[in-house]
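> Test case, fold it:
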Amino acid sequence: MTSAEYETPATPEVRTLAERVFHQLQDAIVRGELAPGSKITEPGLSKAYGISRGPLREAMRRLEAHRLIERVPHVGARVVKLSMKELMELFDVREALESMAARIAAEHMTASEIAGLREVLAVHEKQADLASGEAYYQREGDLDFHYRIVVGSHNRMLMALLCDDLYYLVRMYRTQFSASGARPQKAFVEHHRIVDAIEAGDAELAELLMRRHVSASRENVMARYAASLEGRDEPQVVAGNGLVT
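All right, here's what the predicted structure looks like:
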């Protein structure tokens, strides 16, 4: 039995607070407010979010489980930062699994689930960032087009991998290196074509379109990530947010 198994179970109040802090930190990491590779400390985060160490540690354990932070020996906790090779591997997995999810969704998605996808795209179409070509930001969960398709596959293994295990790591790079220029509108059109294929029950076409869509996303993210590495700076100290150099 590990030492973690001997820990006293958290009270409902602590769990509720830890849940709130988890979502705050998760959002800060996904949006880049806590920069990739930045060291984070319990005292800094405790001060920034005004909570005790107990709920914070529980929140950090969840962030580690979702691959958003990592423990480095003799250094401490850091926001995860993938190498170019690791990022490429992540998108290789995403391309394979999400295209599979689209194919299965075309076979199993219900009419109400497809209508829900259409509603999500209608919400996205009204976003100012998409209309201006600045980005195509999707909120997590039910307002995330890709998340809804994976859920629509009704495949529990795919859901565990893409909606839990890898979801926030993928989301972090999708958000921080999102498309600009003509790409946001193209991505939006591609989403509509994928839904059309799913609604038609054309599994092969849905798989092909999703594969092409994720491949285009990968090319965009990799290019923007490479550009960011060329001019990267070391993490800076920002008062009160838990970052240290």
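
> And for stretch 214-227, what's in contact with it?
Stretch 214-227 is touched from outside by 84, 87-88, 91, 94-95, 98-99, 173-174, 177, 179, 183, 186-187, 190, with contacts defined as CB atoms under 8 Å, 6 or more residues apart in numbering. The C-beta positions use only the backbone N, C-alpha and C, and glycine is treated the same way.

> Which ones among these map onto strands?
Secondary structure assignment by DSSP state E places none of these in strands.

> between these, which is closest to residue 118?
Within the set of those, residue 190 lies nearest residue 118; the separation is 14.8 Å, counting by CB to CB.

> Which element, helix or strand, includes the spatially most central residue of the chain?
Here the mean C-alpha position of the chain is nearest to the C-alpha of residue 171 (CA atoms, centre = their mean), at a distance of 1.9 Å. Assigned by DSSP states H and E, residue 171 belongs to helix 167-176.

> Got the confidence number for the nearest residue to residue 109 once chain neighbours are set aside?
With CB to CB, 6 or more residues apart in numbering as the criterion, residue 109 has its nearest non-adjacent residue at 4.1 Å, and that residue is residue 152. In this prediction, residue 152 carries a pLDDT score of 96.

> Tally up the residues packed near residue 152, please.
Other residues within reach of residue 152, judged by other CB atoms under 10 Å, total 22.

> report the angle between the axes of the longest helix anywhere in the chain and helix 167-176?
Ranked by residue count, the top helix of the chain under DSSP state H comes out as helix 203-230. Between the direction of helix 203-230 and that of helix 167-176, the angle (axes from the mean of the first three to the mean of the last three CA atoms, to 10 degrees) works out to 70 degrees.

> Which parts of the chain are strands?
Ranges of strands within the chain are 39-40, 69-72, 76-79, 243-244, based on DSSP E.

> so what strands line up beside the second one?
Using DSSP bridges, the strands paired with strand 69-72 are strand 76-79 (antiparallel).

> Give me the contact list for the partner strand.
The contact list for strand 76-79 (CB under 8 Å, 6+ apart) reads 29, 34-41, 60, 64, 68-72.

> what about this structure, any weak spots by pLDDT?
Counting by pLDDT under 70, the chain shows low-confidence ranges at 1-15, 128-138, 178-182, 231-245.

> Appreciated, that's everything.
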